[in-house]
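Asker: Here's a sequence, model it:
(2 chains)
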Amino acid sequence: MAVGLLGRKIGMTQVYREGGQLVPVTVIEAGPCTVLQVRTAERDGYEAVQIGFDDLLSDKDKERPADQRNRNRASRSERGHVVALASKRQKARQEAGVESSPRPGCEPKRFVREFRTGDDGGKCQVGQELTVELFADVAHVDVVGTSKGRGTAGVMKRHNFHGQKASHGVKRVHRHAGSIGMSADPARVIKGTRMSGRYGNSQVTVRHLEVVRVDVASNTLLVHGAIPGPNGGYVLIRKTNKLG
Amino acid sequence: MPNLIDLAEQSSLRENELKFTVGDTVDVHTRILEGDKQRIQIFTGVVIAMKGSGVRETFTVRRIVAGEGVERTFPLHSPKVADVKIKRHGRVRRAKLYYLRDRIGKATRLRERRAKKGEIETHG
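Answerer: Residues are numbered from 1 along each chain as shown, chains lettered A, B, ... in the order given. Got it, this is the predicted structure:
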């Protein structure tokens, strides 16, 4: 599988196509992403590329030049992931002749994900920047995001139950489910029975969304239709794995 | 950071701005595809409403056809709306002229007003 991109959902709007057709689109700020690590079969047991999106910096830090930043939003382990920090352990390892893995030398990232690459090795170098150009020739993409959390939701919202009637003797149970099972046999509720409870805030994948436009200058990707999550939410974008 | 949504909409906005307002009697030139041939169809009437903003802005034109009121709503920025020609400026005191729907015959007339500075002179 090829490498995809990480991005941020900006919001929805509509644009006209060449022929004058109006299409609903979601604007995604896709990349630039930095390659943080390349996982190899001999070292890690699998082939993958780890990429990061969005600098983990305070707003003030973002305005400062790179050598004057505090980087106090990122933990030491997060900073050590992107640059080699001096430490006793590091020094000891160096003396023992252990070669440290390459670091990208970028800012710590807020959103980090891995893409499995298979046997082709991914062809990515640590520190390499990936931009939305990746999707220039791609017709359709899959978008993975985290859906909006809805808290405790009833069965009508959560499972699309019909609820009950407005009248005809229905009292105070208009949005309730009906029966949840049988009687003395089996005398229990079957596992997996759909009921009310936590809804949303879970990973959702929308597959085969048409790429309407790729704008490299502003790092934006326009896809046809809706994608999961709130505006400002992080999403993962990959070339679709749906055939045909 | 620039507003990425505005940036995305930019390309869909009309290049030649259409200058008309509520109350104007207009000719709306729409591009119609018949097979593979394109022709222009004209819809004439009074602009009774303008709604929305940006790429979503629409306007509604009302006319009477064979004694029946007909209203068409056009997306302002649609490439299928080739042109809007103003025939007459109407003097109105409201942003939405829905009251015209309840009127028939002579009562639907709007008093004409002169073109303001910078406005297009009527051609009808």
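
Asker: which residues in the chain form strands?
Answerer: In the absence of a named chain, this looks at chain A. Counting by DSSP state E, chain A has strands at residues A:5-16, A:22-30, A:33-39, A:48-55, A:109-116, A:129-130, A:140-146, A:151-153, A:197-199, A:203-215, A:220-224, A:234-239.

Asker: my question was about chain B
Answerer: Using DSSP E, the strands of chain B run over residues B:25-34, B:37-51, B:58-65, B:68-75, B:81-88.

Asker: would you list those strands in JSON lines and tack on mean neighbour count?
Answerer: C-beta coordinates here come from the backbone N, C-alpha and C atoms, glycine included. Below are those laid out as JSON lines (neighbours: other Cβ atoms under 10 Å in any protein chain shown):
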{"stretch": "strand B:25-34", "mean neighbour count": "16"}
{"stretch": "strand B:37-51", "mean neighbour count": "15"}
{"stretch": "strand B:58-65", "mean neighbour count": "17"}
{"stretch": "strand B:68-75", "mean neighbour count": "14"}
{"stretch": "strand B:81-88", "mean neighbour count": "17"}
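
Asker: Looking at those, spot the one closest to residue A:33.
Answerer: Minimum separation from residue A:33 across the strands of chain B (Cβ to Cβ) falls at strand B:68-75, 36.1 Å.

Asker: Okay, and the beta partners of residue 30?
Answerer: Since no chain was named, I'll use chain A. Note on residue A:30: beta-bridge partners residue A:7, judged by DSSP bridges.

Asker: other chain: chain B
Answerer: Beta-bridge partners of residue B:30, as defined by DSSP bridges: residue B:41, residue B:81.

Asker: State the pLDDT value of it.
Answerer: Residue-level confidence at residue B:30 comes out at 91, pLDDT.

Asker: That one against residue B:40, yeah?
Answerer: Yes. Residue B:30 is in contact with residue B:40 according to Cβ atoms under 8 Å; the separation is 7.0 Å.

Asker: Mind listing the shared neighbours of those two?
Answerer: Common neighbours of residue B:30 and residue B:40 are listed as residue B:82 (criterion: Cβ atoms under 8 Å, 6 or more residues apart in numbering or on different chains).

Asker: just for chain A, where's the confidence low?
Answerer: Along chain A, the parts satisfying pLDDT under 70 run over A:1, A:119-122, A:244.

Asker: Now distance to residue A:202 too, for the strands of chain B, in a markdown table please.
Answerer: Shown next, in a markdown table, are the strands of chain B (distance: least, Cβ to Cβ, whole Å):
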| stretch | distance to residue A:202 |
| --- | --- |
| strand B:25-34 | 44 |
| strand B:37-51 | 37 |
| strand B:58-65 | 37 |
| strand B:68-75 | 37 |
| strand B:81-88 | 43 |
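
Asker: Residue A:114: which of these is closest?
Answerer: strand B:68-75 (43.3 Å).

Asker: Partner strands of that closest one, with direction?
Answerer: By DSSP bridges, strand B:68-75 pairs with strand B:58-65 (antiparallel).

Asker: Would you mind naming what in chain A lies close to chain B?
Answerer: A:10-11, A:13-16, A:20, A:22, A:25, A:27, A:29, A:213, A:215, A:218, A:220, A:222 (Cβ under 8 Å from any Cβ of the partner chain).

Asker: May I ask which two of the residues you listed are separated the most?
Answerer: A:20 and A:29 (27.4 Å).

Asker: Among the two, which residue is more densely surrounded?
Answerer: Legend: neighbour count by other Cβ atoms under 10 Å in any protein chain shown for residue A:20 and residue A:29, higher for residue A:29 (21 against 13).

Asker: residues contacting the more buried one?
Answerer: If a contact means Cβ under 8 Å, 6+ apart, then residue A:29 has A:7-8, A:10, A:219-221, B:4 as its contacts.

Asker: for those residues, which one is nearest residue A:45?
Answerer: Nearest to residue A:45, judged by Cβ to Cβ, of the contacts of residue A:29 is residue A:7 at 28.5 Å.

Asker: residues contacting the closest one?
Answerer: Residue A:7 is in contact with A:28-31, A:53, A:221, A:234-237, counting by Cβ under 8 Å, 6+ apart.

Asker: Make JSON lines from the residues you listed and add distance to residue A:228 to it.
Answerer: Formatted as JSON lines, the contacts of residue A:7 follow (distance: Cβ to Cβ, whole Å):
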{"residue": "A:28", "distance to residue A:228": "12"}
{"residue": "A:29", "distance to residue A:228": "16"}
{"residue": "A:30", "distance to residue A:228": "15"}
{"residue": "A:31", "distance to residue A:228": "19"}
{"residue": "A:53", "distance to residue A:228": "17"}
{"residue": "A:221", "distance to residue A:228": "15"}
{"residue": "A:234", "distance to residue A:228": "11"}
{"residue": "A:235", "distance to residue A:228": "8"}
{"residue": "A:236", "distance to residue A:228": "11"}
{"residue": "A:237", "distance to residue A:228": "12"}
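
Asker: which among the residues you listed gets closest to residue A:136?
Answerer: Set against residue A:136, the nearest of the contacts of residue A:7 by Cβ to Cβ is residue A:221 (10.2 Å).

Asker: my read: that closest one touches residue A:237, true?
Answerer: Yes. Residue A:221 lies in contact with residue A:237 (Cβ under 8 Å); the separation is 6.8 Å.
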